[in-house]
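> let me see the structure of the following:
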Amino acid sequence: MMRTVELPLWLFLLIIAFAVTSFVLHFLFPSVRWFFRRRAEKALSRLNARLDRKIDLFKLAQRSDMVARLAYDQKVVEAAMLHAAETGVPGEVAFEEAHRYAREIVPGFSATVYFGFGTRAAKWLSRLLFRVRVGKVDRALERIDPKATVIFVMNHRSNVDYVLVTWLVAGRSAVSYAVGEWARVWPLSALIRSMGAYFIRRGSRNALYRKVLARYVQMATEEGTTQAMFPEGGLSLDGRVGPAKLGLISYIVEGWTPLSRDVVFVPVGLAYDRVLEDRVLVEAAQSGTRRFRNRPLWVALHALRFLWARFRGRTKGFGTAAAGFGAPVSLRDHLAAGGTVEALGERLMAAIAAVVPVLPVPLVAKALGEGTASRDELLARVEALVGGLTAAGAVLKLPPQGLGAALDEGLAPLIRRGLVSEGLQPVAAERALLAFYAASVPDIGVAATPQT
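Next up is the predicted model:
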């Protein structure tokens, strides 16, 4: 027992390395994790104290635990076995496929990233690009049941939507977004996942994938996770609020029971004086496909030019961006009244359209129509259009200095971008883009929309 044992130096160093690793893993790391976890729990308690809707435990669970919980969910396992029977693959292969989908969907929320970086970056970027305004906030939002699951449903005008809404609701809750394939690019995907977003394959027809996605959405809803989704299923190509694609909404309805907590949908209408992707969207509409041109170098060059001009005071941004928050829609009340999923989708899209703010640039584009002979005539059209919109209950977010200021603020960018001539006539080559902006203003029979 006391004999001397000779070892090669490399073997001795290897033994020491294993011993140190074992000590760190079994003694040091648990203590360090406990220390930081205690600090994180205290920080989270302080954060929840100032939020209207607390961050739920479901969102704070370890991502690996959530993946396992989703993959081993009884309904997911049954779907995997059915998939195996239909396709003829072994059950283990089908289950591994379901597990892969679960890893792909489940986010890894970090309160530090979300509130320490994400919301601050969202505020900075939003204010860098736009003058941000809130068009309307329905008073009924103050009376939402604190135990209900809140889901923000929005029209999809721009990829800036994510940034804008994240900032605007940061004082109320952390929002978990449903994001498409565009966000699954490293390292953007890691940041988005840490912000609590979950990835979806919008065009997938795989029954097993859709079951895994449905169960995740249902589990998050059952646990009270505040969510945000775009029922249109993609960016608007024509500027209008489109019909709802009922995928995610149907999952929520199918998973809900009268014994569950209520689900409250909050309609959010978004509008911009300048949609950054406007030309790409118009080109996609003309081509009849949703395949967007990807020009990263072009985007980077224009971003650098804008930043240089912005910090030198040569530009104030792209005008106004505004959001309106409509009256909440209770799923419990809707179903109790005999409502269907289809009726719910139509109701939500109508509620969203009703609170989309009318801004100067779309207003002037709508009033311009096929052109005008003078500024006074255009101003008269704007006044008539605003009168009709006001009577119809539209949400107007215009300069407080009056309609003359609204005309100047809306017309100048259109002329500067070459959409309208100095003679107040639509530029023939830009009629489609002008119509894109005009279409976001409700039709009330006062002015004609430019023809594409």
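
> how many neighbours does residue 102 have?
22 (other CB atoms under 10 Å). C-beta coordinates here come from the backbone N, C-alpha and C atoms, glycine included.

> now stretch 433-446: average pLDDT?
For stretch 433-446, mean pLDDT rounds to 85.

> alpha carbons of that stretch, as CSV, please.
Output in CSV follows, covering the C-alpha atoms of stretch 433-446 (Å, rounded to 0.1, in the frame of the first residue of the first chain):
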residue,chain,number,x,y,z
LEU,A,433,-45.7,51.7,-54.7
LEU,A,434,-48.0,54.7,-54.3
ALA,A,435,-51.0,52.4,-54.3
PHE,A,436,-49.2,50.2,-51.6
TYR,A,437,-49.3,53.1,-49.2
ALA,A,438,-52.8,54.4,-50.2
ALA,A,439,-54.2,50.9,-49.6
SER,A,440,-53.5,51.1,-45.9
VAL,A,441,-56.1,53.9,-45.5
PRO,A,442,-59.7,52.6,-45.3
ASP,A,443,-61.9,53.2,-48.3
ILE,A,444,-64.7,55.6,-47.5
GLY,A,445,-65.6,56.8,-51.0
VAL,A,446,-63.9,60.2,-50.8
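
> residue 238 contacts residue 285, correct?
Yes: contact criterion CB atoms under 8 Å: residue 238 and residue 285 qualify, at 5.7 Å.

> which residues do those two both contact?
Taking CB atoms under 8 Å, 6 or more residues apart in numbering as the contact rule, residue 238 and residue 285 both touch residue 436.

> neighbour count winner among these two?
Neighbour count, other CB under 10 Å: between residue 238 and residue 285, residue 285 has more, with 18 against 15.

> list the contacts for that one?
Counting by CB under 8 Å, 6+ apart, the residues that residue 285 touches are 237-238, 432, 436.

> if we go to 7 Å?
237-238 (CB atoms under 7 Å, 6 or more residues apart in numbering).

> now it: phi and psi?
Here is the backbone geometry of residue 285 (degrees, to the nearest 10): phi -60, psi -40.

> residues near residue 255, how many?
18.

> that one against residue 218, yeah?
Yes: counting by CB atoms under 7 Å, residue 218 is a contact partner of residue 255 at 3.1 Å.

> can I get the CA coordinates of stretch 364-381 in PDB?
Listed next in PDB are the C-alpha coordinates belonging to stretch 364-381 (Å, rounded to 0.1, in the frame of the first residue of the first chain):
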ATOM      1  CA  VAL A 364     -51.600  62.000 -48.900                       C
ATOM      2  CA  ALA A 365     -51.100  59.000 -51.200                       C
ATOM      3  CA  LYS A 366     -54.800  58.100 -50.800                       C
ATOM      4  CA  ALA A 367     -56.000  61.700 -51.300                       C
ATOM      5  CA  LEU A 368     -53.700  62.200 -54.400                       C
ATOM      6  CA  GLY A 369     -55.500  59.600 -56.500                       C
ATOM      7  CA  GLU A 370     -54.800  60.100 -60.100                       C
ATOM      8  CA  GLY A 371     -53.200  63.500 -59.400                       C
ATOM      9  CA  THR A 372     -54.200  67.100 -58.800                       C
ATOM     10  CA  ALA A 373     -53.800  70.500 -60.300                       C
ATOM     11  CA  SER A 374     -52.700  72.400 -57.200                       C
ATOM     12  CA  ARG A 375     -51.800  72.100 -53.600                       C
ATOM     13  CA  ASP A 376     -55.000  73.800 -52.600                       C
ATOM     14  CA  GLU A 377     -57.000  71.100 -54.400                       C
ATOM     15  CA  LEU A 378     -55.000  68.400 -52.700                       C
ATOM     16  CA  LEU A 379     -55.500  70.000 -49.300                       C
ATOM     17  CA  ALA A 380     -59.200  70.100 -49.900                       C
ATOM     18  CA  ARG A 381     -59.100  66.300 -50.700                       C
END
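
> name the helix or strand for the spatially most central residue of the chain, please.
Geometric centre of the chain, nearest residue: residue 162, 3.9 Å, by CA atoms, centre = their mean. Residue 162 is part of helix 160-168, with elements assigned from DSSP states H and E.

> distance between that helix and the chain's centre?
7 Å (CA atoms, centre = their mean, to the nearest Å).

> list the contacts for residue 241?
155, 349, 352-353, 356.

> give me the domain ranges for this structure.
As recorded under automatic domain parsing, the domains making up the chain are 57-103, 107-354, 360-438.

> between those domains, which one is closest to residue 16.
Of all these, it is domain 57-103 that lies closest to residue 16, at 30.7 Å by CB to CB.

> could I get the average pLDDT for the closest one?
85.

> so how far is it off the chain centroid?
That offset, for domain 57-103, works out to 26 Å (CA atoms, centre = their mean).

> one more: stretch 372-389?
35 Å.

> could you give the number of residues near residue 343?
Quick note: residue 343 (other CB under 10 Å) scores 12 neighbours.

> state the helix or strand in which it lies.
Under the assignment here (DSSP H and E), residue 343 is part of helix 341-354.

> hmm, back to that, which helices and strands does the helix holding residue 162 pack with?
helix 119-129, strand 149-154, strand 263-272, strand 320-325 (3 or more CB pairs under 7 Å, 6 or more residues apart in numbering; DSSP states H and E).

> right, and those - which one's nearest residue 174?
helix 119-129 (8.6 Å).
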